[in-house]
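Participant: Sequence and predicted model, in that order:
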Amino acid sequence: MHRYRIIFAAAILAAISVILQIWKISYSYGGVIDIDVVGVPWLAGTFILGLSGGLLTSLVSAIGIAIFAPTGIVGAIMKFAATIVMVLIVGIIGKKFGFGKKAMVAAFVLCLAARPAIMVLFNYYWAIPVFFGIPTEIALQKFPVELFIVPNIILAAMDFWIAYFLVFSTRLKARLDD
């Protein structure tokens with residue numbers, strides 16, 4: 001795929017992601033984390049455009065979220081930290097082994113493990129102290145770890161499989177590769 005096509009597609013997917021963040025179609029989990037579909041365009045970008053396209057989509061989306069969304073830079077950084085790990089996993093596995101079913105099941109399993117683990121650390125050691133002004137030591141006592149593990153497992157599954165089915169069930173990737 002030509003690089004201008006990658007830039008154009010990444011920009012469109014990033015705009016969709018920012019709109020999804022602004023319109024806030026979500027379910028609040030525990031009053032702390034929103035279950036939303038903002039990461040779906042990031043993963044779709046990775047499935048369609050490969051690792052570089054997924055990274056570009058993610059970066060432009062995060063900047064747009066930081067500027068336009070009510071969560072500001074903290075929300076953008078958290079969304080970026082949560083989803084970029086999945087983009088990297090899917091992109092690297094896709095580049096090495098292709099986007100076949102076996103490779104993508106392996107990528108999904110890695111995403112299910114990596115995203116919650118990273119977000120537990122980010123929440124306790126960065127987001128809660130910055131966003132709520134609560135020191136890490138108190139956050140560890142006040143917020144149970146399940147509050148961050150469960151929604152991130154749900155988000156990993158939703159982002160991955162919604163993007164996967166949008167791209168491969170509709171043959172979108174095959175159409176764009178022509």
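Facilitator: Yep, that arrived. Just so we're clear, the structure is a prediction, and the values are computed from it rather than from any experiment. Numbering: from 1, shown residues only.
Participant: neighbouring contacts of stretch 60-68?
Facilitator: 10-11, 13-15, 17-18, 21-22, 38, 41-42, 71-73, 75-77, 79-80 (CB atoms under 8 Å, 6 or more residues apart in numbering). (Glycine included, C-beta is placed from N, CA and C.)
Participant: swap in stretch 14-33?
Facilitator: Contacts with stretch 14-33, where a contact means CB under 8 Å, 6+ apart, come from 34-42, 45, 56-57, 60-61, 64-65, 68-71, 75, 79, 123, 143, 147-148, 150-152, 154.
Participant: repeat for stretch 40-57
Facilitator: In this structure, residues lying in contact with stretch 40-57 by CB under 8 Å, 6+ apart are 1, 6-7, 9-10, 13-14, 16-17, 20, 58, 61, 83-84, 86-88, 90-92, 94-95, 99, 158-160, 162-164, 166-168, 172-173, 176.
Participant: Just give the number of residues close to residue 160.
Facilitator: 23 (other CB atoms under 10 Å).
Participant: likewise residue 105?
Facilitator: Applying other CB under 10 Å, we find 10 other residues in the vicinity of residue 105.
Participant: Tell me how far it lies from residue 142.
Facilitator: Taken as CB to CB, to the nearest Å, the spacing of residue 105 relative to residue 142 amounts to 37 Å.
Participant: and if you look at residue 67?
Facilitator: The gap separating residue 67 from residue 142 is 31 Å, by CB to CB.
Participant: related to what we said a few turns ago, is there a quick ChimeraX command that grabs whichever of the contacts of stretch 40-57 are buried?
Facilitator: Restricted to the buried members of the contacts of stretch 40-57, where burial is judged by 16 or more other CB atoms under 10 Å, the ChimeraX selection command reads as follows:
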select :6,9,10,13,14,16,17,20,58,61,83,84,86,87,88,90,91,94,99,158,159,160,162,163,164,166,167,168,173
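Participant: Can I get stretch 143-155 in PDB? Just the C-alpha atoms.
Facilitator: As requested, the backbone C-alpha atoms of stretch 143-155 are provided in PDB (Å, rounded to 0.1, in the frame of the first residue of the first chain):
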ATOM      1  CA  PHE A 143      -8.800   0.800  44.800                       C
ATOM      2  CA  PRO A 144      -8.900  -3.000  44.400                       C
ATOM      3  CA  VAL A 145      -6.800  -4.400  41.600                       C
ATOM      4  CA  GLU A 146      -9.800  -6.000  40.000                       C
ATOM      5  CA  LEU A 147     -11.100  -2.500  39.200                       C
ATOM      6  CA  PHE A 148      -8.400  -2.200  36.600                       C
ATOM      7  CA  ILE A 149      -8.000  -5.800  35.500                       C
ATOM      8  CA  VAL A 150     -11.600  -6.700  34.600                       C
ATOM      9  CA  PRO A 151     -12.400  -3.600  32.400                       C
ATOM     10  CA  ASN A 152      -9.100  -3.900  30.600                       C
ATOM     11  CA  ILE A 153      -9.700  -7.500  29.800                       C
ATOM     12  CA  ILE A 154     -13.200  -6.500  28.500                       C
ATOM     13  CA  LEU A 155     -11.700  -3.600  26.500                       C
END
